[in-house]
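Engineer: pasting the sequence and the predicted model now:
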Amino acid sequence: ANWMEARGYPADVGPFVIATIAISIALLILFFFLYPDPGELAKQVAKVEAAENPDSIENAAPRTLFQIFTSPTVLLALLSMTISYFVMAFVMVITPLHMDHHDHGLANVSLVISAHTMGMFGLSFLTGWLIDKFGRIAMIRTGVLVLIAACVLAPVSPTLAPLSLALFLLGLGWNFCYVAGSSLLSDALAAHERGRAQGASELFVAVGAGAASLSVGAIFAQGDYLLVSGVGLAFSFVLLVCSFVLNRTTSHKALSDK
């Protein structure tokens, strides 16, 4: 902050500069030192699986993106990632303004967003184990329930502790839904489909997150933080219903194919 102010810039510019430098370093490390390429490893594994298992998805006929994304499993994975990201971004980005309206200083805002970031990434080492143990669908539903709890708790009180807990849960629910959805998507794709399909899915996720950031200000102006949380709650319930409907569709299709 002092470094920025000494050069005539606002103090808040400092974190953005540091983040830009850190991301640039990470990009260079990945570009020059990530070896072997994970994509090449995936192709090698796919060849082995195709040779050992005639029924493997690796031996299936190539599909168009439309065919891929109309598959119930892929659609559920996409909805899990997109809706959870929408809900997380929708509630999170407006929380600092909500806190400012209730006379919280920058230190308190930082604590709440730190709790949120901890929820998003701090338990990621555990998320993969939980997904493998309990299954992708179960963890998507667990993530949705955590998002629902966050949306219910967030508007209850503007004080520091409830907001910190709510934002932590918001990040954790997103973590469960996003990682489980990503795993479900990868499972449903052949190696030669993953580049196209995962790239397209990230586009949907980015559009959803952008829509959340662009629209939440208008919602906040109309109904304050309570309405923002209500919208997040509604979208979370939509995802919960989809997890049952699409999973049932997948189960029925699997039975009919036998």
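Structural biologist: Arrived safely.
Engineer: contacts and neighbour counts: CA atoms only from here.
Structural biologist: Noted.
Engineer: around Asp55, how many other residues sit close by?
Structural biologist: Summarising burial for Asp55: neighbours were counted as other Cα atoms under 10 Å, giving 11.
Engineer: should've said Ala19
Structural biologist: Using other Cα under 10 Å, Ala19 is surrounded by 11 other residues.
Engineer: do Phe33 as well
Structural biologist: Around Phe33 there are 10 other residues, counting by other Cα under 10 Å.
Engineer: retrieve the pLDDT associated with it.
Structural biologist: Among the per-residue scores, Phe33 holds a pLDDT of 89.
Engineer: Leu147 too?
Structural biologist: Listed pLDDT for Leu147 reads 98.
Engineer: just the element for it, please.
Structural biologist: Under the criterion of DSSP states H and E, Leu147 resides in helix 136-153.
Engineer: touching that helix from outside, list them.
Structural biologist: If you take Cα atoms under 8 Å, 6 or more residues apart in numbering as the criterion, helix 136-153 is touched by 80, 84, 87-88, 91, 130-131, 162-163, 165-170, 172-178, 180-181, 183-184, 229-230, 232-233, 236-237, 239-240, 243, 247.
Engineer: hey, what's the angle from the helix or strand that comes right after it to helix 136-153? Just curious.
Structural biologist: Using DSSP H and E, the helix or strand that directly follows helix 136-153 along the chain is helix 160-187. Interaxial angle, helix 160-187 versus helix 136-153 (axes from the mean of the first three to the mean of the last three Cα atoms, to 10 degrees): 160 degrees.
Engineer: what helices or strands is helix 160-187 leaning on?
Structural biologist: Where contact means 3 or more Cα pairs under 8 Å, 6 or more residues apart in numbering; DSSP states H and E, helix 160-187 is packed against helix 72-101, helix 106-117, helix 124-134, helix 136-153.
Engineer: would a markdown table of those helices with distance to Gly8 be doable?
Structural biologist: A markdown table is the format used below for the helices and strands packed on helix 160-187 (distance: least, Cα to Cα, whole Å):
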| stretch | distance to Gly8 |
| --- | --- |
| helix 72-101 | 25 |
| helix 106-117 | 21 |
| helix 124-134 | 39 |
| helix 136-153 | 40 |
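Engineer: and those as TSV, adding distance to Ala206 and mean neighbour count?
Structural biologist: TSV is the format used below for the helices and strands packed on helix 160-187 (distance: least, Cα to Cα, whole Å; neighbours: other Cα atoms under 10 Å):
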stretch	distance to Ala206	mean neighbour count
helix 72-101	8	23
helix 106-117	18	17
helix 124-134	21	14
helix 136-153	19	23
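Engineer: of these, which is nearest Ala211?
Structural biologist: helix 72-101 (7.7 Å; Cα to Cα).
Engineer: quick one, what contacts Leu111?
Structural biologist: Under the criterion of Cα under 8 Å, 6+ apart, the contact list for Leu111 reads Ser164.
Engineer: nope, Ser243 is what I was after
Structural biologist: If you count contacts by Cα under 8 Å, 6+ apart, Ser243 has them with 76, 137, 140-141.
Engineer: may I see the ChimeraX selection of the buried members of the contacts of helix 136-153?
Structural biologist: Buried members of those can be picked out in ChimeraX with the line below, counting by 16 or more other Cα atoms under 10 Å:
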select :80,84,87,88,91,130,131,162,163,165,166,167,168,169,170,172,173,174,175,176,177,178,180,181,183,184,229,230,232,233,236,237,239,240,243,247
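Engineer: now name the helix or strand holding Thr20.
Structural biologist: According to DSSP H and E, Thr20 maps onto helix 13-33.
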